[in-house]
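Peer 1: Okay, predicted coordinates and the sequence, questions at the end:
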Amino acid sequence: GAGVSQSPSNKVTEKGKDVELRCDPISGHTALYWYRQSLGQGLEFLIYFQGNSAPDKSGLPSDRFSAERTGGSVSTLTIQRTQQEDSAVYLCASSPGAAYNEQFFGPGTRLTVL
Amino acid sequence: GQNIDQPTEMTATEGAIVQINCTYQTSGFNGLFWYQQHAGEAPTFLSYNVLDGLEEKGRFSSFLSRSKGYSYLLLKELQMKDSASYLCAAHGSSNTGKLIFGQGTTLQVKP
């Protein structure tokens, strides 16, 4: 079956521009996660959605970052007024529900801010 | 605070056994994950430990000691394709699915 998909796969933008990254989770998965991975580093948690509960936004690095999940499925991560330090691979993952479940990762979006 | 520590790099020989250690300090603890990530690819799930002890799955095994805040991933009969980064991640609070990841251990398997 289809896995987690993300678009675009690569995004190059100029400093100060806004960007939107999209994630399509596996159908039926109620939990959705966003992570950021800088070169040679581990994954940095950004935000977690679970069903209709309020999202855990504790990992968002600044108020320039926001995310929403519409209809319990597709999610969009928005970065406003991008900075060079925002350059990273942004990974989305989904899981069937409970936090102890395996997370299935998408291929990521590589964001480069010039 | 919350912290996950694992070695940055390891090297091992094809056919050998390697143990990758991970220590963690989290506010609350509900389980420990190991993920494998090949260069340029997304992480894939290897194991999940919530109780103390060893979980074996083919060539890979994972161990957890909750009292010591310690886990390890054991890879047996190493193959060249095992060259990858291995990510340790702790699930802290039961109120959220948030995982705290270590920086990853890059394993190089040599012939």
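Peer 2: Good, I have the coordinates.
Peer 1: contacts and neighbour counts: CA atoms only from here.
Peer 2: Fine.
Peer 1: which ones are touching A:Glu44?
Peer 2: Contacts for A:Glu44 (Cα atoms under 8 Å, 6 or more residues apart in numbering or on different chains) come out as A:35-37, A:59, B:100-101.
Peer 1: quick one: which of these is nearest B:Met10?
Peer 2: Of all the contacts of A:Glu44, B:Phe101 has the smallest distance to B:Met10: 18.1 Å, by Cα to Cα.
Peer 1: Helices of chain A, residue ranges please.
Peer 2: For chain A, no helices are identified by DSSP state H.
Peer 1: So for whichever residue of it sits closest to chain B, what's the nearest residue that isn't a sequence neighbour?
Peer 2: When scored by Cα to the nearest Cα, chain A has A:Gly42 as its residue closest to chain B, at 3.8 Å. Leaving aside its sequence neighbours, A:Gly42 sits nearest to B:Gln103 (Cα to Cα, 6 or more residues apart in numbering or on different chains; 3.8 Å).
Peer 1: Give the helix, strand or coil label for that neighbour.
Peer 2: coil (DSSP: H, G, I helix; E, B strand; the rest coil).
Peer 1: Please, where are all the strands along chain A?
Peer 2: Secondary structure of chain A, counting by DSSP state E: strands at A:5-7, A:10-13, A:19-24, A:31-37, A:43-50, A:65-69, A:75-79, A:88-95, A:104-105, A:109-113.
Peer 1: ok, what's across the strand from B:Glu9?
Peer 2: Counting by DSSP bridges, B:Glu9 is bridged to B:Thr106.
Peer 1: Tell me how far it lies from B:Ala89.
Peer 2: Distance from B:Glu9 to B:Ala89, counting by Cα to Cα, to the nearest Å: 17 Å.
Peer 1: A:Pro25 too?
Peer 2: From A:Pro25 across to B:Ala89, the span is 21 Å (Cα to Cα).
Peer 1: same check, this time on B:His38
Peer 2: 17 Å.
Peer 1: Now mean pLDDT too, for the strands of chain A, in JSON lines please.
Peer 2: Formatted as JSON lines, those follow (pLDDT from 0 to 100):
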{"stretch": "strand A:5-7", "mean pLDDT": "96"}
{"stretch": "strand A:10-13", "mean pLDDT": "97"}
{"stretch": "strand A:19-24", "mean pLDDT": "97"}
{"stretch": "strand A:31-37", "mean pLDDT": "94"}
{"stretch": "strand A:43-50", "mean pLDDT": "92"}
{"stretch": "strand A:65-69", "mean pLDDT": "96"}
{"stretch": "strand A:75-79", "mean pLDDT": "98"}
{"stretch": "strand A:88-95", "mean pLDDT": "95"}
{"stretch": "strand A:104-105", "mean pLDDT": "92"}
{"stretch": "strand A:109-113", "mean pLDDT": "97"}
